[in-house]
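Novice: no sequence on this one, just coordinates:
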Ligand code: UT7
């Protein structure tokens with residue numbers, strides 16, 4: 001994983017908008033987040049995470065034959081961030097694509113990469129989650145509900161086939177519900193605004209900032225996450241008690257505590273890092289993987305359940321034997 005060096009605390013935010021460390025910690029569990037330094041680009045974050053993942057796997061960029069990058073904060077309107085990353089890795093024609101499934105993006109990509117490897121289409125897939133939210137936030141008091149929760153960061157994994165049927169990705173389940181697309185979205189710039197994607201009126205209406213119906217999203221997250229987690233475990237005849245480690249998307253610590261309570265997951269089996277990084281959308285789960293591995297929670301043989309919910313709405317869960 002890679003996060004920018006610049007730490008933005010809740011008190012830093014309270015100096016530019018009407019909020020407080022107490023409110024943010026109580027409602028979300030977030031103490032600080034990272035924001036890029038001026039000049040840093042999303043692909044820079046993705047590159048740093050990728051190089052670490054490759055080094056840990058003893059691989060070079062050219063050993064990868066597909067790059068998938070999940071983001072909702074792309075470096076440009078087009079092409080996707082993955083293309084900038086591919087170039088920065090010194091690759092010439094390795095195929096790459098961005099996957100737009102917001103906070104569930106990493107798990108969507110796991111399913112896709114798993115299927116492509118099983119089908120024999122690709123042998124080694126780089127999967128990166130990368131977000132730069134900080135440049136797209138309304139940091140006035142009007143945007144405080146959203147601005148305080150998001151952070152910048154990136155995480156990467158390399159996937160390849162293995163012979164052991166009991167190891168690796170055992171199951172991934174993904175879901176979407178476009179009915180609620182507008183309840184958490186950034187409407188502009190997008191081709192849905194006419195006659196132009198970006199006008200002074202659009203800026204005045206703040207359509208280029210995220211709009212979120214927070215409570216509605218919260219309620220759906222705490223319903224869908226346990227649902228898809230159980231669906232995924234059930235598909236491979238496993239139970240909650242069988243799982244060694246639960247990694248949940250880092251949108252709000254309260255959501256994760258609620259879901260853990262509902263499923264009777266003991267506290268020591270749930271690993272969170274939202275307090276230090278906020279919500280890094282598609283990067284949150286690979287960042288959790290990195291830190292839980294560093295802390296010795298991902299020994300070989302451990303069963304890890306990962307679950308996410310986000311804009312779209314989209315939700316997903318994966319069960320992996322380490
Ligand atoms: O990652 C994608 C998925 N996203 C999520 O899962 C996020 C889900 N939603 C949430 O996590 C929560 O809804 C939030 C953390 C975003 C907001 O918490 P909430 O408890 O739902 O607050 P609220 O929006 O209902 O607002 C409650 C009060 C309001 O004031 P009044 O009307 O009661 O006077 C807000 O204006 O808190 C106020 N408020 C704030 N106050 C201080 C909202 N944001 C802030 C803030 N600082 N940053």
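Specialist: That came in fine, so what should we check first? Bear in mind that the values here come from a model prediction, so they are computed numbers and not experimental data.
Novice: May I have the residues that are in contact with residue 240?
Specialist: When contacts are counted by CB atoms under 8 Å, 6 or more residues apart in numbering, residue 240 touches 229-230, 233, 263-265. For every residue, glycine as well, the C-beta is placed using N, CA and C.
Novice: Quick check: the closest residue to residue 167 other than its chain neighbours vs residue 120, distance?
Specialist: Excluding the flanking residues, the one nearest residue 167 by CB to CB, 6 or more residues apart in numbering is residue 321, at 4.7 Å. Separation of residue 321 from residue 120 (CB to CB, to the nearest Å) stands at 22 Å.
Novice: Same check on residue 98?
Specialist: 24 Å.
Novice: of the two, who's got more company?
Specialist: residue 98 (24 against 8; other CB atoms under 10 Å).
Novice: Might you report the residue contacts of whichever residue of the stretch 101-250 of the chain sits closest to the ligand?
Specialist: For the stretch 101-250 of the chain and the ligand, the shortest gap (CB to the nearest ligand atom) falls at residue 214, measuring 2.5 Å. Applying CB under 8 Å, 6+ apart, we find residue 214 in contact with 145-146.
Novice: one more time with 10 Å
Specialist: 27, 145-146, 149, 183-184, 252 (CB atoms under 10 Å, 6 or more residues apart in numbering).
Novice: what would the contacts of residue 240 look like in CSV with neighbour count, secondary structure and pLDDT?
Specialist: Formatted as CSV, the contacts of residue 240 follow (neighbours: other CB atoms under 10 Å; DSSP: H, G, I helix; E, B strand; the rest coil; pLDDT from 0 to 100):
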residue, neighbour count, secondary structure, pLDDT
229, 27, helix, 98
230, 18, helix, 98
233, 22, helix, 98
263, 18, coil, 98
264, 8, coil, 98
265, 21, coil, 98
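Novice: Now for those residues: which two are most distant?
Specialist: Spatial extent of these (CB to CB) is set by the pair 233 and 264 at 13.5 Å.
Novice: returning to that earlier point: can you check the pLDDT for the residue of the stretch 101-250 of the chain closest to the ligand?
Specialist: Note on residue 214: pLDDT of 96.
Novice: What of residue 274?
Specialist: Reading off the model, residue 274 has pLDDT 98.
Novice: Identify the residue nearest it in space, chain neighbours excluded?
Specialist: Counting by CB to CB, 6+ apart, the residue nearest residue 274 is residue 250, at 3.9 Å.
Novice: Is residue 62 in contact with residue 90, as I believe?
Specialist: Yes: counting by CB atoms under 10 Å, residue 62 does reach residue 90; the two are 8.1 Å apart.
Novice: These two: which has the busier surroundings?
Specialist: residue 62 (12 against 9).
Novice: For the nearest residue to the more buried one once chain neighbours are set aside, grab the count of nearby residues.
Specialist: With sequence-adjacent residues excluded and distances taken as CB to CB, 6+ apart, residue 62 is closest to residue 91, at 6.6 Å. Neighbour count for residue 91, taken as other CB under 10 Å: 17.
Novice: How about residue 165?
Specialist: Neighbours of residue 165 (other CB under 10 Å): 8.
Novice: residues in contact with it?
Specialist: Contacts of residue 165 (CB under 10 Å, 6+ apart): residue 321.
Novice: Pull the contacting residues for residue 244.
Specialist: Going by CB under 10 Å, 6+ apart, residue 244 touches 269, 297-299, 301-305, 321-322.
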